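J.: build me a model:
(one chain, ligands or ions: 1)
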Amino acid sequence: MDGIKCKICNNESGNDLIILRERQLGMGDMFEYIVCSSCKCIQIKEVPPDMGKYYPSEYYAFDESTFPSKLNWFNFFLKKSLIRYYMGYFDPAGYLLSFIFDHPFPWIRKREISFNSKILDVGTGAGRKLLSLKRSGFRNLTGIDPYIEGDIIFENGVRIFKKDISEVDEKYDFITLHHSFEHMPDPASVVKHLSRLLNTDGVIVIRIPVADCHAWYKYGEFWVGLDAPRHFFIHTRKSIEILLNNTDLFIDDVVFDSGPLQFLRSEKYKRGMIQSAPDNIFTKEEIESYTREAEMLNRTGKGDMACFFIKK
Ligand SMILES: [Zn+2]
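T.: This next block holds a predicted model:
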């Protein structure tokens with residue numbers, strides 16, 4: 001359909017207008033989305049004025065039970081060794097542990113940051129991830145989220161501020177966006193602020209669902225990654241490149257990190273179920289086969305989630 005402009009690349013020719021339903025909670029409300037024929041980004045046509053009702057209260061709830069305040073020292077040293085090894089430090093215990101355990105934070109690459117790096121997590125919610133990093137030995141951790149009730153200052157030093165990215169003015173070595181970027185209505189402005197906040201040698205990690213993937217072509221409107229209307233933009237490598245073209249940032253690498261949920265949840269939607277429907281509708285063999293298929297898709301760049309490593 002002509003005359004519908006892509007908000008990322010401005011292409012107006014050959015774009016599709018599709019109707020997507022809210023499926024995660026089973027509300028069924030319908031929303032118009034644009035599928036760009038050029039950069040392939042899928043994007044909501046108009047941001048609904050009443051987004052609050054699409055975020056259930058538990059979305060930002062602070063669940064004390066998941067944040068143990070007492071440190072298990074044995075766990076702490078093992079995990080710290082493992083992470084030290086994966087971060088590229090000499091650590092024989094970590095090396096041995098790496099035969100058993102995967103990287104707890106695979107989006108932290110070798111020799112890129114240290115335990116003293118200044119880390120900012122954007123769209124952090126109640127700070128689950130930052131507290132996990134704190135327990136693993138990282139020392140300088142800040143989070144921001146404009147939708148939390150108020151600032152949260154933990155005794156262990158982790159600080160979370162009720163702020164939009166435009167209100168931050170310190171610089172950071174490592175900035176992470178774990179499945180928050182797709183919820184932001186003005187991605188072009190966000191990347192400009194990311195560039196402003198990043199130290200020269202720093203790294204930005206953006207983890208998002210990506211549109212040009214197998215699950216989108218297989219499931220169409222039932223693909224879980226669409227998550228209308230909460231996901232405003234489902235990007236592609238190309239649309240992220242276009243956004244970064246107006247900044248001093250570039251994509252250093254893209255690593256696909258999708259899992260079996262792209263199948264399990266999309267299958268549920270296809271069968272008219274909501275996201276929290278029990279997984280026991282699938283056999284163990286089906287789940288294992290979806291897990292293997294996700295690994296294969298990640299290797300071939302067709303998984304439905306990716307981690308973008310961005311530098312200056
Ligand atoms: Zn486009």
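
J.: all contacts plus neighbour counts: C-alpha atoms, from now on.
T.: Fine.

J.: give me the residue from the stretch 201-312 of the chain nearest the ion.
T.: residue 239 (6.5 Å; CA to the ion).

J.: pLDDT wise, what is that residue at?
T.: With respect to pLDDT, residue 239 has a value of 98.

J.: likewise for residue 128?
T.: 87.

J.: that one: neighbour count?
T.: By the criterion of other CA atoms under 10 Å, residue 128 has 14 neighbours.

J.: ditto for residue 225
T.: 22.

J.: with adjacent residues omitted, what lies nearest to it?
T.: Spatial nearest neighbour of residue 225, chain neighbours left out: residue 209 (5.8 Å); criterion: CA to CA, 6 or more residues apart in numbering.

J.: then residue 78?
T.: Residue 78 sits nearest to residue 94 (CA to CA, 6+ apart), 7.3 Å away.

J.: quick check: the one you found is in a helix.
T.: Yes. Assessed with DSSP: H, G, I helix; E, B strand; the rest coil, residue 94 lies in a helix.

J.: if I pick it, what's in contact with it?
T.: By CA atoms under 8 Å, 6 or more residues apart in numbering, the contact set of residue 94 is 78-86.

J.: and it, how far from the ion?
T.: 44 Å (CA to the ion, to the nearest Å).

J.: gap between that residue and residue 113?
T.: 17 Å (CA to CA, to the nearest Å).

J.: follow-up on the earlier one: now distance to the ion too, for the contacts of residue 94, in TSV please.
T.: Listed next are those as TSV, based on distance: CA to the ion, whole Å:
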residue	distance to the ion
78	46
79	42
80	43
81	44
82	41
83	39
84	41
85	41
86	37
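
J.: possible to save these as TSV with neighbour count and secondary structure?
T.: Shown next, in TSV, are the contacts of residue 94 (neighbours: other CA atoms under 10 Å; DSSP: H, G, I helix; E, B strand; the rest coil):
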residue	neighbour count	secondary structure
78	15	helix
79	21	helix
80	21	helix
81	24	helix
82	26	helix
83	27	helix
84	23	helix
85	21	helix
86	23	helix
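
J.: show the model's pLDDT score for residue 8.
T.: 97.

J.: residue 245 is in contact with that one, correct?
T.: No. Assessed by CA atoms under 8 Å, residue 8 is found out of contact with residue 245, at 11.1 Å.

J.: more neighbours, these two?
T.: Just comparing residue 8 and residue 245: by other CA under 10 Å the higher neighbour count belongs to residue 8, 22 against 11.

J.: other residues contacting stretch 243-261?
T.: The contact list for stretch 243-261 (CA under 8 Å, 6+ apart) reads 8, 187-188, 191-192, 195, 241, 287, 290-291, 293-295, 298-299, 301-312.

J.: can I get the CA coordinates of it in PDB?
T.: Only the C-alpha atoms of stretch 243-261 are listed here, as PDB (Å, rounded to 0.1, in the frame of the first residue of the first chain):
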ATOM      1  CA  LEU A 243      18.800   4.900  13.200                       C
ATOM      2  CA  LEU A 244      22.600   4.900  14.000                       C
ATOM      3  CA  ASN A 245      23.400   6.700  10.800                       C
ATOM      4  CA  ASN A 246      22.400  10.000  12.400                       C
ATOM      5  CA  THR A 247      24.800   9.400  15.300                       C
ATOM      6  CA  ASP A 248      28.500   8.600  15.900                       C
ATOM      7  CA  LEU A 249      27.500   5.000  16.800                       C
ATOM      8  CA  PHE A 250      27.900   1.900  14.700                       C
ATOM      9  CA  ILE A 251      26.900  -1.800  15.000                       C
ATOM     10  CA  ASP A 252      30.000  -3.800  16.100                       C
ATOM     11  CA  ASP A 253      28.200  -7.100  16.100                       C
ATOM     12  CA  VAL A 254      24.800  -8.800  16.100                       C
ATOM     13  CA  VAL A 255      24.300 -12.100  18.100                       C
ATOM     14  CA  PHE A 256      21.000 -13.900  17.800                       C
ATOM     15  CA  ASP A 257      19.800 -15.100  21.200                       C
ATOM     16  CA  SER A 258      16.300 -16.500  20.500                       C
ATOM     17  CA  GLY A 259      14.900 -19.500  22.300                       C
ATOM     18  CA  PRO A 260      12.100 -22.000  22.200                       C
ATOM     19  CA  LEU A 261       9.600 -19.400  23.400                       C
END
